[in-house]
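Chemist: pasting the structure only:
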């Protein structure tokens, strides 16, 4: 059971971004709308993909809000 934890991972990619009006509540940097893709892999073979949008800070990279 312990071996299974190390064989499954998730990888998150940013496909494209657009500038938004607004600032980050944590660092004061500019906010961007990003199209994200998450892929779940088992033994380095991807078997699940999910695309979603999120508002991301351009300076510190924190996800401020996500949309399905």
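Modeler: Alright, I've got the coordinates. The shown structure was predicted, so the numbers you read here are calculated from the model rather than taken from an experiment.

Chemist: which residues touch residue 35?
Modeler: By Cβ atoms under 8 Å, 6 or more residues apart in numbering, the contact list for residue 35 reads 14, 15, 16, 17, 51, 52, 53. All C-beta atoms are positioned from the backbone trio N, CA, C, and that covers glycine.

Chemist: what's the closest non-adjacent residue to it?
Modeler: Take residue 35 and drop its neighbours on the chain: the residue closest to it by Cβ to Cβ, 6 or more residues apart in numbering is residue 15, 4.3 Å away.

Chemist: re the thing from before, let me know the closest of the contacts of residue 35 to residue 61.
Modeler: residue 14 (9.6 Å; Cβ to Cβ).

Chemist: show the pLDDT at residue 27.
Modeler: As predicted, residue 27 sits at a pLDDT of 91.

Chemist: quick one: it is in a strand?
Modeler: No: Residue 27: not assigned to a strand; according to DSSP: H, G, I helix; E, B strand; the rest coil it is coil.

Chemist: burial measure for it, as a count.
Modeler: 12 (other Cβ atoms under 10 Å).

Chemist: who touches the top strand by length along the chain?
Modeler: Longest strand of the chain, by residue count under DSSP state E: strand 8-23. With contacts defined as Cβ under 8 Å, 6+ apart, strand 8-23 is touched by 29-42, 51, 55-56, 58.

Chemist: so which of those residues are in strands?
Modeler: Filtering the contacts of strand 8-23 for strands - DSSP E - leaves 30-42, 51, 55-56.

Chemist: list just the nearest of these to residue 24.
Modeler: residue 31 (6.1 Å).

Chemist: so who does the closest one touch?
Modeler: Here residue 31 is in contact with 20, 21, 22, 23, 24, 55, 56, 57, 58, 64 (criterion: Cβ under 8 Å, 6+ apart).

Chemist: can you pull up the bridge partners for it?
Modeler: Assessed by DSSP bridges, residue 31 has beta-bridge partners residue 57.
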